[in-house]
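In: here is my input, please return the structure:
(chains A and B)
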Number of protein chains: 2
Amino acid sequence: MSSEAAKQPSLLETHQNDDDDVQDLQDGDDLSCIPRRQRFLSLSVPPMPWFGLDIGGTLVKLVYFEPSDQAEFPESAISGEIERVKVIHRYLVTNKAYGETGVRDGHLELSNVHINGRQGTIHFIRFPSCRMPNFISLTKSKGLAYMSSTVCATGGGAHKYADIAQMELNVKLHKFDELESLIQGIEFVAKYNPEECYFWANPLDEDACKRVTWPWSGRTSSDPESTVPDGLQYPYLVVNMGSGVSVVAVYGPSNFRRVSGSSIGGGFFHGLCCLLCDCESFDDAIELAAQGDNKKVDKLVRDIYGGDYELFGLPGDTVAASFGHMISPERRKEASKADLARAALVTVTNNIGSIAINCARSEQIDRILFVGNFLRVNPIAAKSLSYAMDYWSGGSKKALFLQHEGYFGAVGCLEKLVVVTELRRQERVANGHATSEESLDEHSLSR
Amino acid sequence: MSSEAAKQPSLLETHQNDDDDVQDLQDGDDLSCIPRRQRFLSLSVPPMPWFGLDIGGTLVKLVYFEPSDQAEFPESAISGEIERVKVIHRYLVTNKAYGETGVRDGHLELSNVHINGRQGTIHFIRFPSCRMPNFISLTKSKGLAYMSSTVCATGGGAHKYADIAQMELNVKLHKFDELESLIQGIEFVAKYNPEECYFWANPLDEDACKRVTWPWSGRTSSDPESTVPDGLQYPYLVVNMGSGVSVVAVYGPSNFRRVSGSSIGGGFFHGLCCLLCDCESFDDAIELAAQGDNKKVDKLVRDIYGGDYELFGLPGDTVAASFGHMISPERRKEASKADLARAALVTVTNNIGSIAINCARSEQIDRILFVGNFLRVNPIAAKSLSYAMDYWSGGSKKALFLQHEGYFGAVGCLEKLVVVTELRRQERVANGHATSEESLDEHSLSR
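Out: This next block holds a predicted model:
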């Protein structure tokens, strides 16, 4: 996808209740005490709470922005923002689990970030996509929908659930493209978290193996002329491993292109483990796989060649045929559920490793960033990808990982509030609610 | 692999009994009646029967050359060739099945071919690689090993079984590289069989779909200057789908390179069908898959997006996550064994389709040749690959198929008898058994 296509203004829905904050301010309140700059800000900036939502094939990723700067915004008391934030805070931030399936990843909390002119903390929550209807009911019953008429969403479900959200909650989802949100989210989080990016050193050596932070900015460049003090080093490849897989080549902040993909991802692994191993959850499946041995399930190069296939530099322990031993009744008897789960994991990892290295070669890119929830609680996959990238590139290409694994699309959406604010401003100008001077002021406040 | 590497003289074992035909001729026979040219031929040409053997990860492919020109070679009676051929003929050619698992594909028989200066018919036989030890015992018990001390072999098993063949049969396998044999076999068969190559027209339209012969020679070229009357059109891509998958870009008869591969091939499909559907054979698994519906197992783009993902041109019925629905207990109950088998088939086909189209793009090749035993009795895969190549290339790239699907490596080996003959001649010259004049004569007989 070109950056031009990614801008896609046609995907942005018109905001339905775009005057709600204005009405809050018109109910007889005395605005004279609010500095002009802040008052103008509030007129177009969507009211709190702010959410970013990535409705994927398997998981919904929800990020919530909790402001920490309300003291600087006197109108937040008038507009009821403080009260609204308190309600959300009580529900979301004091729990670590929601219902049976929602989970807050407290360890990922990101403080002191700036979004759309405000400072605060981002909270990270996930639940299964099949619970999306329940989420909508919950949102309705808690009155969160009325509070937050502005929801930026991405992922396939942003399209699928747009109608139901409109019907049930009277909220229109502002839909943003998945990959654009992903890249924007990655760059946003990497900017705020210096520990975000890491690699595995000695990935297959149990004793020497360790996670090493990769200070992914200009500091690591060997060419001091090309340093970008607070940015990422372009180009890089993003391999987004969710239910399915997308591979995106990134050449600049808004210059990227989907170069490949695969249907063999987290959904395949989890689905196959449910079928073959009676696993109930992804976490169970990963735990089981960690105890298994894929060599009892897969046919290796050495099973066919009796050793290495030297002519192509294929070591004997390379998998030649995934699940290839399972055509033998004796071998099937010998393979445990853990072995099968491990084979499913290795199938996904090897296939993506191969696609990634081919894409990296044809795009001439050396840094390969693996993200997505397939990597959650899954160091086996990460280590195996690390080894594979190093081995097959002769050490020239590096597998990198990010702490916030699957949340970048949702974070990218949260940042899209800047775009929503600008849209609201344009509407206000068009409707005669704002002057061009005001619009300039507001514009200068959005980052 | 470069063509230079492919020549690999180091892989050729020295022939152990290279004087056996000479001894046959020295046992008091009167050679004066044999024309000099033919007698010289017999001195280095390996004795009948001639076999080519491709010992793959799952199947052994055995091709047998039955001479039809014995009348022209009076010494064939003297050397016992006629008797030996009769024994083999009785056993191999009058049966269509051998033991429980060996099968002769009678419909593939190829007549009037010329190999190493002789004319005859090639017969095509296959059996499971796990029966290789039984095959060796059989060969021993039938006395075939004594008859045929020259066996050219390829595939992983050529390396794995070299020692056992040497030990049990006192036969050294002449080992040839897999991909070199494959390409040589393809070009050999295509030359002799004008109907060899075909494509599927309207592949997904049940009524209009049909196999169409692709006269793969200079006749099809749009540029009359570039025609090669009896050759193939270079470049082409070969996707060899056996237990695992190799992708080879072919630029000329001995100019080719392995550009990619995958462990998700026939072994994966067959193995998974054994585990999930209790299939006993590959043929059972294919038959079951033909009755199933992968949409009950796989998560499609429309299951996630509610429709097409237009920005990337992904139609709604594209598989987004193979086996992705299987994380739901309800969906698992609804999926039949046939649905699971179909999903396994589609997983392999889509993955290879994607790898093939990416390789074809990066190598700028338009003709993509799918071969290997995964395609045997498997029109679903062939039609789906045909549709995929056409769709994703916007009609510029074509999926082509060959009638002799999985036998090209074995045929390529059979043709390697030319190389063996030349090696034997060189040995004879070195040992003072032949003059350089004789060697020239012989050389001119090899193609």
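In: next, count neighbours for whatever residue of the stretch 1-150 of chain A ends up closest to chain B.
Out: Closest residue of the stretch 1-150 of chain A to chain B, CB to the nearest CB: residue A:57 (4.5 Å). For glycine as for every other residue, the C-beta is placed from the backbone atoms N, C-alpha and C. The number of residues packed near residue A:57 is 24, by other CB atoms under 10 Å in any protein chain shown.
In: quick one: contacts of the helix or strand harbouring residue A:126?
Out: Per DSSP states H and E, residue A:126 falls inside strand A:118-128. With contacts defined as CB atoms under 8 Å, 6 or more residues apart in numbering or on different chains, strand A:118-128 is touched by A:45, A:58-69, A:73, A:92-93, A:98-99, A:101-105, A:108-113, A:115, A:135, A:373, A:404, A:406-407, A:410-411, A:414.
In: quick one, which of these are buried?
Out: Buried members of the contacts of strand A:118-128, counted by 16 or more other CB atoms under 10 Å in any protein chain shown: A:45, A:58-67, A:73, A:92-93, A:98, A:101-102, A:104-105, A:108, A:110, A:113, A:115, A:135, A:373, A:404, A:406-407, A:410-411, A:414.
In: in strands, which of the residues you listed fall?
Out: Among the buried ones among the contacts of strand A:118-128, the ones falling in strands (DSSP state E) are A:59-67, A:98, A:102, A:104, A:110, A:113, A:115.
In: show me which pair in those is furthest apart.
Out: Across those, no pair lies farther apart than A:59 and A:67, at 26.1 Å, counting by CB to CB.
In: low-confidence regions, chain A specifically.
Out: A:1-43, A:142-149, A:216-232, A:433-447 (pLDDT under 70).
In: okay, domains of it per the record?
Out: A:3-184+A:408-445, A:195-297+A:335-402 (automatic domain parsing).
In: can I get these in CSV including distance to residue B:345?
Out: Formatted as CSV, those follow (distance: least, CB to CB, whole Å):
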stretch, distance to residue B:345
domain A:3-184+A:408-445, 21
domain A:195-297+A:335-402, 13
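In: for residue B:259, find the nearest of the ones you listed.
Out: Across these, closest to residue B:259 is domain A:195-297+A:335-402 (CB to CB), at 8.6 Å.
In: pull the distance from that closest one to the chain's centre.
Out: With CA atoms, centre = their mean, to the nearest Å as the basis, domain A:195-297+A:335-402 stands 14 Å off its chain's centre.
In: what do you get for stretch A:87-96?
Out: On CA atoms, centre = their mean, the centre of stretch A:87-96 falls 21 Å from that of its chain.
In: and it, end to end?
Out: 16 Å (CA to CA, to the nearest Å).
In: now stretch A:102-116
Out: 27 Å.
In: which residues does that stretch contact?
Out: With CB under 8 Å, 6+ apart as the criterion, stretch A:102-116 contacts A:45, A:50, A:65, A:68, A:92-93, A:95-98, A:119-127, A:131, A:188-189, A:192-193, A:403-404, A:407, A:414-415, A:417-418, A:421, A:446-447.
In: cool, and stretch A:413-421?
Out: Contacts of stretch A:413-421 (CB under 8 Å, 6+ apart): A:12, A:15, A:44-46, A:50-54, A:63, A:65, A:115-116, A:122, A:150, A:152-154, A:174, A:176, A:181, A:184-185, A:188, A:442, A:446-447.
In: same check, this time on stretch A:181-190
Out: A:52, A:54, A:110, A:113, A:154, A:196-197, A:216, A:231-232, A:238, A:240, A:248, A:250, A:253-254, A:256, A:369, A:371, A:402, A:404, A:407-413, A:415-416.
In: let's see it at 7 Å
Out: A:54, A:110, A:154, A:196-197, A:216, A:232, A:238, A:240, A:248, A:250, A:253, A:256, A:402, A:404, A:408-413, A:415 (CB atoms under 7 Å, 6 or more residues apart in numbering or on different chains).
In: just the buried members of these?
Out: Using 16+ other CB under 10 Å as the burial test, these include A:54, A:110, A:154, A:196-197, A:216, A:232, A:238, A:240, A:248, A:250, A:256, A:402, A:404, A:408-413, A:415 as buried.
In: which of those fall within helices?
Out: Within the buried ones among the contacts of stretch A:181-190, residues falling in helices by DSSP state H are A:408, A:409, A:410, A:411, A:412, A:413, A:415.
In: closest one of these to chain B?
Out: Nearest to chain B, judged by CB to the nearest CB, of these is residue A:409 at 12.9 Å.
In: please name the residues that touch the closest one.
Out: Counting by CB under 7 Å, 6+ apart, residue A:409 has contacts A:54, A:61, A:154, A:155, A:178, A:181, A:182, A:185.
In: that older thread, put the alpha carbons of the strand holding residue A:126 into CSV.
Out: Output of strand A:118-128 as CSV, limited to C-alpha atoms (Å, rounded to 0.1, in the frame of the first residue of the first chain):
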residue,chain,number,x,y,z
ARG,A,118,-2.8,15.9,26.4
GLN,A,119,-0.4,14.0,28.8
GLY,A,120,-1.3,10.7,30.4
THR,A,121,-0.9,7.0,30.6
ILE,A,122,-1.8,4.3,28.1
HIS,A,123,-3.4,1.1,29.4
PHE,A,124,-3.5,-2.1,27.4
ILE,A,125,-6.4,-4.5,27.4
ARG,A,126,-7.3,-7.5,25.2
PHE,A,127,-10.3,-9.9,24.8
PRO,A,128,-11.4,-12.4,22.2
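In: mind listing what's buried along that strand?
Out: A:118, A:120, A:122, A:123, A:124, A:125, A:126, A:127, A:128.
In: contact residues of the stretch 251-400 of chain A facing chain B?
Out: A:258, A:260, A:262-265, A:267-268, A:270-272, A:274-276, A:299, A:304-307, A:311-312, A:319-328, A:332, A:347, A:350-351, A:354, A:358, A:362 (CB under 7 Å from any CB of the partner chain).
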